[in-house]
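>>> The following block contains a protein sequence and its predicted model.
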Amino acid sequence: MHNTTLPIGPQHPSIKEPMCLRIRLDGNNIENADLRLGYVHRGVEKILEGKQVDSALYVAERICGICEVSHTAAYLSAVESAMNISINDKVKYLRTFLIELERLHSHLMWSGFLAHEIGYETLFMYSWRERERILEIFDKYTGGRVHHNVSKIGSNKYDLPENSKKFIFDRLDAVAKHAEKYRREFEKDNIIKARLENVGVIPEKEAKRYCLVGPIARASGYKVDVRKDNPYFAFDQVDFNVITRNEGDAWARTLVRMDEIQESVNIIKQLINNMPNEKLPKPELHMNASGEAVGHVEAPRGENFYYVKINSGYLERAKIRTPTLNNIIILEKILKGYELGDVPVIVGSLDPCFGCLERIMVAKDKKIEEHDEDSFRKKYCEIQKPEVSYD
Amino acid sequence: MGDNLNIIVEAIASLFKKPYTKRYPKEKLKQDPRTNAWLEYYSKKCIGCRMCERVCPVGAVKFIKKGKIEFDMGKCIRCGMCIDNCPVNAIGFNQNFERASKDKKKFIVK
Amino acid sequence: MTEWVFFVAAPFIALLLQGIRRKLNARMQNRIGPPVWQPFLDVIKLVQKGKSDSEGNLNFFFVIAPIIFFITTWVMFLFVPFAIWSFEFDFLLLIYLTILSGGLYVLAGFASDSPLGVHGAMREMITMVVYETSFTLCLFTFIVISGTLTLANYPPEGLLLQAPLAAVILYLIGSIELKITPFDTAEAPTEILEGFSTEFSGAGLAFLELGDAMKFLFFCVFIPFLLFGTGNMWLFALLVLLFVFIFTFSKVTTPRFRVDQVVQVYFVVLILAVINLAWVII
């Protein structure tokens, strides 16, 4: 059979966001794959430079539409440690509450998305229905379903609404009940198992070598979780397990995420039951602060890392490293040897988020060069041939 | 299909249940009081301190003179920074979100 | 007279069944779903739309394949469920027509200038080798039992009791012919963007959709015709609706197989068909 090059993307039903995966096929099997990015580059780090610290928070919040609380939290933990602001327990609890809600919504959305990839439209609809319940909680607390705008430096805009405990617990119980059902479906259904098992296998050694983070690393038996390794906000005051599996295939990644849904529900219930009765400090503008710090949080996809440098109340530099950057590098490697039908499963199981990822800009010799992905590769990523002398 | 019948049972049960989706224009959605939908500007209260212009992360605020400020809702990201930092509460949010329009002038709040 | 009315109205009934199917599908997924007449609107809108074909698609087969596909599926209703046009050996002609309608789909895929269409056609061809063979073998059992090659002489009480295994085989063949999960690998929207129909637009796409809808109606009619017969017309109509429900239900509650897994499953079906035929003959 003849060889073809098949483009997956930039627009394709099996990817949520624009990326281009050029797949060289030998019949039905993948010979090699070439990942091309840069379709949603917005230059966010450049936009952040020169912004007032309090205002820049809202720009950081809009880097991603799915893991936006994690971006806010990572930015806040970096900025607050740079300016030596200590926050009280109430604020810590509220932020942890939002982060875990976001993990719930992201994992539910993702599980439905994987079901869609393998043609299971019903599970996709059901999962997204459960996600809707989480969005209702978001809506009740923050007034926004996707962008919340409640975090402030050193404080939080709102407390939980009064008498909302029953509202939240009802929805969490419904989500936990249904998520358990769908987990069993993923675990037991023969066709799903036939599609997911032994597809896109990442051994633990490779996971460590490629510095994978988040559920993908945990599914390969590599126990890495910022919430346990370096507890931030209120994660040292709640009780939870880090879920790991050893198979390392797409199926294990699915089950790790489905188990994390249950853990997140437990964490949120603990948080609401133990919510301290302190008053929220009044938010204020930080016009004269200076400093330099890093912060990292565990986003739904893995470690989200921020570096900020603040000069008299304004951001001088912000560097963001999102979990997708760590996880996407292995994609080309693990695609090899599988067939065309496995591509959506493998790409989906890595859960890439390109809105977060794309920020390539090179500063060299005090001149700023802006690159698209091709020219960047050509200039910096190709291996230079060593000059050989024959004397 | 496998050995568990969860989805099959749920699919059959869904046939006799009300759909979860809401038909939006017929069924009005309930807006939470915390929803940030559209800005309101009370020009009589304004003292012209230019704080809103300074804290806006996206540059949606155009200061002309005291009591005359234009807010471009096409640029606005509804973060609420201008409202939180206004010393005299001359700006506020309302819950009226049905504002889609082709006319760009309708996006400017004066 | 009724026969001719059914034959002429077949495209409309097919589209109505599509609407019912979509509504059922949506309700099982706890959604509202489109109105029942939505497929009519879709087809009308597609016919009104202009063509937007690239230069690579400007070949004879690309233009002609959807039209012949539509006509072929329509012609099948001349024989089933009412024998409007009857002659000796028309059962064999029907078998050829069903295979032809699958083959035209493959032709449409290869004619389009897109690797996705070619991949869809390739997958269809790989699976066709197995499933069309078992389909033919399965139909031969009915010919052997009824002892007739003319559909007009087919026993009106049906042959379910003489060949119960054939019911299972027919259902599985129906699923793969109609591209219903778990066997819709040849279309697979998330993998190869529905393969054949990727490049089609306007009237060509409308003919493909119409042909698809009529193929769905044909199988919903043909399987009850073989198994239960057309003795009682009301019971027959009820059984047609039952098969619409069964196929929709199968689509709702299963994910999709990979192409190699589909071939594995249909090798088992082929073996079953051979056993079925052998059992009937002996």
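The structure has been received and is ready for your questions. In this text the structure is predicted, and so the values were computed from the model without any measurement.
>>> what helix or strand is residue 96 on?
Went with chain A since none was named. helix A:89-117 (DSSP states H and E).
>>> other chain: chain C
When elements are defined using DSSP H and E, C:Tyr96 is found to belong to helix C:90-111.
>>> counting contacts, what elements does that helix pack onto?
For helix C:90-111, the helices and strands in contact under the criterion 3 or more Cβ pairs under 8 Å, 6 or more residues apart in numbering or on different chains; DSSP states H and E are helix C:60-75, helix C:115-146, helix C:202-228. C-beta: built from backbone N, CA, C; applies to glycine.
>>> what's it in contact with?
Outside of helix C:90-111, the residues that reach it under the criterion Cβ atoms under 8 Å, 6 or more residues apart in numbering or on different chains are C:57, C:59, C:61-62, C:65-66, C:68-69, C:72-73, C:75-76, C:79-80, C:83, C:117-118, C:120-121, C:124-125, C:128, C:132, C:135-136, C:139, C:143, C:148-152, C:177, C:195-197, C:200, C:208, C:211, C:215.
>>> what number of residues lie near A:Asn3?
By other Cβ atoms under 10 Å in any protein chain shown, the residues close to A:Asn3 number 9.
>>> Might you report the residue contacts of the closest residue to C:Phe219 other than its chain neighbours?
Spatial nearest neighbour of C:Phe219, excluding adjacent residues (Cβ to Cβ, 6 or more residues apart in numbering or on different chains): C:Gly174 at 4.6 Å. With Cβ under 8 Å, 6+ apart as the criterion, the residues that contact C:Gly174 are C:180, C:219, C:223, C:243, C:247.
>>> with the residues you listed in mind, which one is nearest to B:Cys56?
Comparing the contacts of C:Gly174 against B:Cys56 with Cβ to Cβ places C:Ile180 closest, at 54.1 Å.
>>> excluding its backbone neighbours, what's nearest that closest one?
Nearest residue to C:Ile180, sequence neighbours excluded (Cβ to Cβ, 6+ apart): C:Lys251, at 4.9 Å.
>>> Repeat that for B:Pro19.
Once flanking residues are discounted, B:Pro19 sits nearest to C:Ile32: 4.6 Å by Cβ to Cβ, 6+ apart.
>>> returning to what we had before: dump the helices and strands packed on helix C:90-111 into a markdown table; add mean neighbour count and mean pLDDT as well.
Written out in a markdown table, the entries for these read as follows (neighbours: other Cβ atoms under 10 Å in any protein chain shown; pLDDT from 0 to 100):
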| stretch | mean neighbour count | mean pLDDT |
| --- | --- | --- |
| helix C:60-75 | 19 | 85 |
| helix C:115-146 | 21 | 84 |
| helix C:202-228 | 22 | 86 |
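>>> State the number of residues packed around the residue in chain A that chain B sits nearest to.
With Cβ to the nearest Cβ as the measure, the residue in chain A that lies nearest chain B is A:Gly143; the distance is 3.0 Å. Other residues within reach of A:Gly143 by the criterion other Cβ under 10 Å amount to 24.
>>> what residues does chain B put near chain C?
By the criterion of Cβ under 8 Å from any Cβ of the partner chain, the positions of chain B lying close to chain C are B:1, B:7-8, B:11-12, B:14-15, B:17, B:19-21, B:23.
>>> go again using 6 Å as the cut-off
Those residues of chain B that sit near chain C, judged by Cβ under 6 Å from any Cβ of the partner chain, are B:7-8, B:11, B:14-15, B:19-21.
>>> Of all pairs in these, which one spans the longest distance?
Farthest pair in those (Cβ to Cβ) is B:Ile8 and B:Thr21. Separation: 21.7 Å.
>>> circling back: I'd say the residue nearest to C:Ile180 and C:Pro182 touch.
No - with contacts defined as Cβ atoms under 6 Å, C:Lys251 does not count as touching C:Pro182, sitting 9.1 Å away.
>>> more neighbours, those two?
Neighbours were counted for C:Lys251 and for C:Pro182 using other Cβ under 10 Å; C:Pro182 has more, 25 against 22.
>>> Report the contact partners of the more buried one.
Shown here is C:Pro182, whose contacts under the criterion Cβ atoms under 6 Å, 6 or more residues apart in numbering or on different chains are A:191, C:254, C:256-257.
>>> A:Ile310 sits in which helix or strand?
Under the assignment given by DSSP H and E, the secondary-structure element containing A:Ile310 is strand A:302-311.
>>> I'd like to know how many residues surround residue 189.
I'll assume chain A. The number of residues packed around A:Asp189, counting by other Cβ under 10 Å, is 23.
>>> that's the wrong chain, I meant chain C
Counted with other Cβ under 10 Å, the neighbours of C:Pro189 add up to 19.
>>> Apart from its neighbours in sequence, what residue is nearest it?
Spatially, and ignoring its direct neighbours in sequence, C:Pro189 is nearest to A:Pro13 (5.6 Å; Cβ to Cβ, 6+ apart).
>>> Which residue would you name as the spatial centre of the chain?
Here I'm looking at chain A. Relative to the mean C-alpha position of chain A, the nearest C-alpha, by Cα atoms, centre = their mean, is the one of A:Arg301, at 3.3 Å.
>>> not what I meant, chain B
Computing the C-alpha centroid of chain B and ranking residues by Cα atoms, centre = their mean puts B:Ala37 first, at 2.0 Å.
>>> Look up the closest residue to it, ignoring the ones flanking it.
B:Phe97 (3.9 Å).
>>> Which of the helices and strands packed on helix C:90-111 sits closest to A:Lys152?
Ranking those by their distance to A:Lys152 (criterion: Cβ to Cβ) puts helix C:115-146 first, at 49.3 Å.
>>> For chain A, give the residue positioned nearest to chain C.
Nearest residue of chain A to chain C, counting by Cβ to the nearest Cβ: A:Gly119, 3.1 Å away.
>>> can you list the residues of chain B near chain A?
Taking Cβ under 6 Å from any Cβ as the contact definition, chain B meets chain A at B:2-4, B:6-7, B:20, B:32, B:34-36, B:55, B:57, B:79-81.
>>> Taking those, tell me the two that lie furthest apart.
Within the residues of chain B next to chain A, B:Asp3 and B:Val55 form the most distant pair, 59.2 Å apart (Cβ to Cβ).
>>> Can you get me a residue count around C:Pro35?
Counted with other Cβ under 10 Å, the burial measure for C:Pro35 works out to 12 neighbours.
>>> typo on my end, C:Leu235
C:Leu235 is flanked by 13 other residues according to other Cβ under 10 Å.
>>> Show the low-confidence segments of chain C, by residue range.
For chain C, the stretches with pLDDT under 70 are C:52-53, C:158.
>>> So which residue is smack in the middle of it?
With Cα atoms, centre = their mean applied to chain C, the nearest residue to centre is C:Lys215, 3.7 Å.
>>> That residue: what's its closest spatial neighbour, skipping adjacent residues?
Of all residues not flanking C:Lys215 in the chain, C:Thr73 sits nearest, at 5.2 Å (Cβ to Cβ, 6+ apart).
>>> can I assume A:Ser155 is in contact with A:Lys279?
No - look at A:Ser155 against A:Lys279 with Cβ under 6 Å: they stay out of range, at 10.1 Å.
>>> before we move on, the earlier item: which residues sit in contact with the residue nearest to the centre of chain A?
A:214, A:323, A:351.
>>> could you redo the last one with a cut-off of 10 Å?
The neighbourhood of A:Arg301, defined by Cβ atoms under 10 Å, 6 or more residues apart in numbering or on different chains, consists of A:64, A:66-67, A:70, A:103, A:106-107, A:110, A:213-216, A:257, A:322-324, A:326-327, A:350-353, A:356.
>>> What of C:Phe196?
C:Phe196 is in contact with C:65-66, C:69, C:104-112, C:114, C:116-121, C:124, C:179, C:186-187, C:208, counting by Cβ under 10 Å, 6+ apart.
>>> Give the burial count for residue 25, as a bare number.
In the absence of a named chain, chain A is used. Other residues near A:Leu25 number 21, with proximity taken as other Cβ under 10 Å.
>>> that's the wrong chain, I wanted chain C
Based on other Cβ under 10 Å, the number of other residues close to C:Asn25 is 20.
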